[in-house]
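Novice: sequence first, predicted coordinates after that:
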Amino acid sequence: MSTAKVQYVAPPAAPAIHRYGMLLAFVLQSLGVIVAIVLAWQYGGIDLLSFSLMIAGILSTAFGITIGYHRLLTHRSFETYRPLYLMWMVLGALAVQKSPLEWCATHRKHHAVSDEPEYPHSPHYHGEGFWNSLRGFFYAHIGWLITGHIIYTDQSKYVPDLIADPVAVWIHRTWEFFWVPLSLAIPTVIAGAISGTWHGALMGFLWGGIVRTFIVHHITFSTNSLAHLFGKQHFQTNDQSRNNPLCGIMCAGEGWHNNHHAFPTSARHGLLWWQFDLSWIVIRLMERLGLVWNVQLPSEQAMARKRIA
């Protein structure tokens, strides 16, 4: 268990189109959430169709990140058939958190230099005191996204396996103008077709599209911020990763972050009996059905060596 280093390395500056594009996306997304709430208030609440699309979208795309982009593509925690592999990759792309090349390269860098000065989203290099701690939290949660970390992370170094995958490369090249619109269009079209009204389509767009991406984004961001600040460390690591129970539950197991940093390739993050890990339950179910194999788990001996008394 280490303490954060005092050095600071400024993040690479992103091109203006990236900075302003990200800022505009955050503003429009937040405005969309406000509009959805106002309309729901005016019409007496969210209708069942829009609510169902939102919940289905949250579960599918959140698993696309936690199981697909993270445990399968980034850490190779298990193996599966090519169609299922592609399904998880597509669901990750529909979560609107960048392409598999960008997401996985940044996350592998996250582990390679965790909480060191060149770490993409550490909350620990913004000074002492309450306000500087808030600055660190904001930077780790969302501020780092407007820097050049995503753009300038060396993909040839961190994800050569994905660069060799033609589907991953195609998704990378088409992500902004195909996968982002598609992610928002799917609930809009479904809601419009079922309701038969423009109002239904609008509510599907707002709740199944905008609100859904807002929730899934901040679920993911919380692992970068909260789970490097608050919680316990049950295993020895060279960083400030924490097991945060709130994130562990809300982030489908990703918030057992100290466990994950201690054993990055483990398909199961909730390693203690009481640590609920919804993503692991899905992986375990797929294993029981014969859909995945070579599921990686730390041995009892490995956990005992790293366990903090």
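Specialist: Thanks, I have the structure now.
Novice: where's residue 33 relative to residue 54, distance?
Specialist: Residue 33 sits at a distance of 11 Å from residue 54 (criterion: C-beta to C-beta, to the nearest Å). Bear in mind the C-beta positions are built from the backbone N, C-alpha and C, glycine included.
Novice: joint contacts of the two?
Specialist: Common neighbours of residue 33 and residue 54, counting by C-beta atoms under 8 Å, 6 or more residues apart in numbering, are residue 211.
Novice: of these two, which one has the most company?
Specialist: residue 54 (23 against 17; other C-beta atoms under 10 Å).
Novice: in terms of helices and strands, where is that one?
Specialist: When secondary structure is defined by DSSP states H and E, residue 54 falls within helix 48-63.
Novice: what helices or strands is that helix leaning on?
Specialist: Packed against helix 48-63 by the contact rule (3 or more C-beta pairs under 8 Å, 6 or more residues apart in numbering; DSSP states H and E) you find helix 82-93, helix 180-195, helix 198-203, helix 212-225.
Novice: doesn't residue 49 make contact with residue 194?
Specialist: Yes - in this structure, residue 194 is within contact of residue 49 by C-beta atoms under 8 Å, at 5.9 Å.
Novice: give me the more crowded residue out of those two.
Specialist: Each of residue 194 and residue 49 has its neighbours counted (other C-beta under 10 Å); residue 49 has more, 18 against 14.
Novice: correct me, but the more buried one touches residue 191?
Specialist: Yes - judged on C-beta under 8 Å, residue 49 makes contact with residue 191 at a distance of 5.8 Å.
Novice: shared neighbours, residue 194 and residue 49?
Specialist: Counting by C-beta under 8 Å, 6+ apart, the residues touching both residue 194 and residue 49 are residue 200.
Novice: for residue 49, see how far away the spatially most central residue of the chain is.
Specialist: When C-alpha atoms, centre = their mean is applied to the chain, the residue found nearest the centroid is residue 220 (3.7 Å). The span separating residue 220 from residue 49 equals 26 Å under the rule C-beta to C-beta.
Novice: which residues in the stretch 201-309 of the chain form helices?
Specialist: Assigned helices in the stretch 201-309 of the chain, in chain order: 212-225, 245-250, 257-262, 278-288, 300-306 (criterion: DSSP state H, counting those that start in this stretch).
Novice: mind giving me a markdown table with those and columns for distance to residue 61 and mean pLDDT?
Specialist: Putting the helices of the stretch 201-309 of the chain into a markdown table (distance: least, C-beta to C-beta, whole Å; pLDDT from 0 to 100) gives the following:
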| stretch | distance to residue 61 | mean pLDDT |
| --- | --- | --- |
| helix 212-225 | 5 | 95 |
| helix 245-250 | 15 | 95 |
| helix 257-262 | 20 | 96 |
| helix 278-288 | 13 | 98 |
| helix 300-306 | 31 | 96 |
